[in-house]
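In: Could you work out the structure for the sequence below:
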Amino acid sequence: MQTPAMNEHIETTTPDNPTPPGAASQARLADFFAARLTCEHAIIEAYRTFLEKCRRHPEPAVDLFELATLERFRGQEAEHAHLLHQVMEALGLDEMTEPARVDEHIEASQRQVQAITEVIADPGVGLLPSLHALVTVELIDEAAWGLLLALVKDAEMVLVQPHVERIRDQQHAHRVIMQQRYEALSLQLLRDGSLPPLVTDQEIS
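Out: Got it, this is the predicted structure:
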């Protein structure tokens, strides 16, 4: 899947129309871009800490993760952050500036991502629950990029929209693959007797 190049410059206007369409909507979108960038940095860190935990884990179950795939996902999250930085730069925004106004839903997503990344970083949390936390992060991320795409379309940011569409599709792939990894690990641990069944034969009878 094609992703925006790390050195690709993002424009928000066209030569024939130096004033961006939906300028008012774009001004409102600035806060969403800033909030999204904060989350992307947290997700990059979540992948880093999870990869470290996998490398320290002695069980062969780690092979199920295909660490090269996780490294690729982490690199793609970095590309997403780079794109957000370029869009904010094109809008004349400083990524270090706190958003003037953050939607309650976006703020809740930020807090969720931050809390989940702390769970993944906790050395006392095992591999399986850490992976479940990472799946949850990807679920939040996929929904957030879907919302951002809808907002970009509404603001008529036609030059940004294709990039956001690609990332939204990429996030969907991330979430699906991570879910598959989680299910595969859970099944293997259950077969090995390392994971107790959720319902016992006695409870069923």
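
In: contacts and neighbour counts: CA atoms only from here.
Out: Will do.

In: from what I can see His174 touches Arg74, true?
Out: No: assessed by Cα atoms under 8 Å, His174 is found out of contact with Arg74, at 10.1 Å.

In: residues in contact with the residue nearest the centre of the chain?
Out: Centroid check for the chain by Cα atoms, centre = their mean gives Asp141 as the closest residue, at 3.9 Å. By Cα atoms under 8 Å, 6 or more residues apart in numbering, Asp141 lies in contact with Gln171.

In: any idea which helix or strand comes after the host helix or strand of it?
Out: For Asp141, the host element (DSSP states H and E) is helix 127-154. Next along the chain after helix 127-154, taking DSSP H and E as the criterion, comes helix 161-192.

In: Also compute the angle for that next one relative to helix 127-154, please.
Out: Interaxial angle, helix 161-192 versus helix 127-154 (axes from the mean of the first three to the mean of the last three Cα atoms, to 10 degrees): 160 degrees.

In: What average pLDDT does helix 161-192 get?
Out: The average pLDDT within helix 161-192 is 91.

In: Test my guess that Glu54 contacts Gly126.
Out: Careful, residue 54 is Cys; it's not Glu. No: in this structure, Cys54 is not within contact of Gly126 by Cα under 8 Å, at 9.8 Å.
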